[in-house]
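1. Just the structure for this:
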Amino acid sequence: MTVLSSSDPAFAVGQSSAVPAWLQPHVGDSEGQIAPVVLERARELYLKKLRAGAVKNPCYFAMDATRPNYSSEGYLGRRFYIICEADRSFRAISAGHGSGRDLKGIVDFANGRRCAKNFGNAIDSNLTAGGAYVTAETKTSVKGYYRVSAKQDAILIRSFVQFDGEGETANARQRAIGGHAAVSLKGVCLRRNPRSPYASHDGYVPFGTLVDYSAGRSNGCTSWSPSDAEQVIALTKDNPTTVYIYPESHDIDAIAQAVAADQLPSRRGLYWNRSCLKEIRSPKFWSKEALEPILAQYKKNNPAPPSQPAPICKEP
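-> The predicted structure is shown next:
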């Protein structure tokens, strides 16, 4: 007889759809907890993919994009969840939401930094799209150097884990949707450094100012703090798992209808974080069918200027 260890990912295959007792204390509306509907759907997706053999990872992920990005006290809101049922571990971390865009005089679907009002799956929309994803390959790229002290520079090498979606999120790859650390280089110029292994054939390397936007917004991807990103991406390396992001379009439409009828969503059995709903009043889902033609026309009417190479750095 084969006995499955609780550390074996196959251990979860035989698990009931009911939330295990050890996980129950982590379920709720309080800071660091996961809402029941978010956990229910995340577990359902994970167990479905696990039983189908699409994933073998003992951990799975979920995100509640209705929660605030940061609190009124200024600390980052924990709304991305790492759940490993095999070893009974649960961790809630911060994550950014899509910034959206404001096409001046045409349409405004931009999001504030704290709470997301607008969601969608249109290409070039910079919006978060809720639904089912599975992690795919990880791509690592060199962004350039930045100053860490008066006499020392460091190199920014950032990894990006691609998400593959289904249903309304099926265009995740075309949208380049995935997860990465919320860091980038701004004000990039080219500095001569022929000894660098990352130098161009002319001996130049990108050099800029490091920006950590963990408390900010993303281009629609899921962004984590650098330390959290390192852990999350390591968990998915050569070992795909599921990512469930709440809310989906039907959740958003149902909440909007409840608000329009002047009813509390909870009275209809619906969920949205109360703090953010009070702030945004009512959410909106922008479908690719409705928004992509507008974005395409805007791009045609407002063509981007020709790309220019980064300037040569002015030496101090």
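2. Enumerate every residue touching V134.
-> By CB atoms under 8 Å, 6 or more residues apart in numbering, V134 lies in contact with 49, 54-55, 163-165, 240-243. Every residue, glycine included, has its C-beta placed from N, CA and C.
3. Of these - the most surrounded one?
-> For those, the largest number of neighbours (other CB atoms under 10 Å) sits with V243, at 30 neighbours.
4. Could you look up the SS state of it?
-> Here V243 is strand, with the state taken from DSSP: H, G, I helix; E, B strand; the rest coil.
5. Which residues does it form beta bridges with?
-> Note on V243: beta-bridge partners F61, Y133, judged by DSSP bridges.
6. For it, give its distance to V38.
-> Plainly put, V243 is 12 Å away from V38 if you go by CB to CB, to the nearest Å.
7. Excluding covalently adjacent residues, which one is nearest to the spatially most central residue of the chain?
-> What sits nearest the mean C-alpha location of the chain, by CA atoms, centre = their mean, is T222, with 1.3 Å. Distance criterion CB to CB, 6 or more residues apart in numbering; nearest residue to T222, sequence neighbours excluded, is G179 at 4.3 Å.
8. Go ahead and confirm the one you found touches V161.
-> Yes. Contact criterion CB atoms under 8 Å: G179 and V161 qualify, at 4.9 Å.
9. re earlier: tally of neighbours for the residue nearest to T222?
-> Applying the criterion other CB under 10 Å, we find 26 residues in the vicinity of G179.
10. Just to be sure, it is in a strand?
-> Yes. Counting by three-state DSSP, G179 is found in a strand.
11. need the contact list for it.
-> Per CB under 8 Å, 6+ apart, neighbours of G179: 135, 160-161, 163, 221-224, 229, 232-233, 243.
12. what does I177 give?
-> For I177, the contacting residues are 129, 133, 162-163, 165, 169, 220-221, by CB under 8 Å, 6+ apart.
13. again with R43
-> Per CB under 8 Å, 6+ apart, neighbours of R43: 17, 19, 60, 83.
14. For the helix or strand where E230 lies, name the packing helices and strands.
-> In this assignment (DSSP states H and E), E230 forms part of helix 226-236. Counting contacts by 3 or more CB pairs under 8 Å, 6 or more residues apart in numbering; DSSP states H and E, helix 226-236 is packed against strand 78-84, strand 89-94, strand 131-149, strand 152-165, strand 178-181.
15. quick one: secondary structure of A254?
-> At A254 the chain is in helix, as set by three-state DSSP.
16. just P305 next, same as before
-> Under three-state DSSP, the three-state class of P305 is coil.
17. For it, what are phi and psi?
-> Per-residue torsions, P305: phi -60, psi 150 (degrees, to the nearest 10).
18. again, but for G167
-> Note on G167: its backbone torsions stand at phi 70, psi -130 [degrees, to the nearest 10].
19. I'd like to know how far it sits from R281.
-> Note on G167: its distance to R281, by CB to CB, is 27 Å.
20. Contact partners for the nearest residue to E31 once chain neighbours are set aside?
-> Closest residue in space to E31, ignoring its immediate chain neighbours: R78 at 6.5 Å, by CB to CB, 6+ apart. The contact partners of R78, by CB under 8 Å, 6+ apart, come to 31-32, 92-94.
21. picking that back up, could you redo the contacts of I177 as JSON lines and give each row distance to E44 and pLDDT?
-> Listed next are the contacts of I177 as JSON lines, based on distance: CB to CB, whole Å; pLDDT from 0 to 100:
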{"residue": "A129", "distance to E44": "18", "pLDDT": "98"}
{"residue": "Y133", "distance to E44": "14", "pLDDT": "98"}
{"residue": "Q162", "distance to E44": "23", "pLDDT": "98"}
{"residue": "F163", "distance to E44": "18", "pLDDT": "98"}
{"residue": "G165", "distance to E44": "16", "pLDDT": "98"}
{"residue": "T169", "distance to E44": "16", "pLDDT": "98"}
{"residue": "G220", "distance to E44": "24", "pLDDT": "95"}
{"residue": "C221", "distance to E44": "24", "pLDDT": "96"}
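22. What's the PyMOL syntax to select whichever of those residues are buried?
-> Buried residues among those (16 or more other CB atoms under 10 Å), as a PyMOL selection:
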select buried, resi 129+133+162+163+165+169+220+221
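23. Between all of the contacts of I177, which two are separated the most?
-> The span of those, defined through CB to CB, is set by A129 and Q162 at 14.6 Å.
24. any chance you could map the strands in this protein?
-> Applying DSSP state E to the chain gives strands spanning 60-64, 78-84, 89-94, 102-103, 107-108, 118-120, 131-149, 152-165, 178-181, 183-192, 204-212, 222-224, 242-246, 284-286.
25. now the longest one and strand 60-64, what's the angle there?
-> This points to strand 131-149. Interaxial angle of strand 131-149 relative to strand 60-64 (axes from the mean of the first three to the mean of the last three CA atoms, to 10 degrees): 90 degrees.
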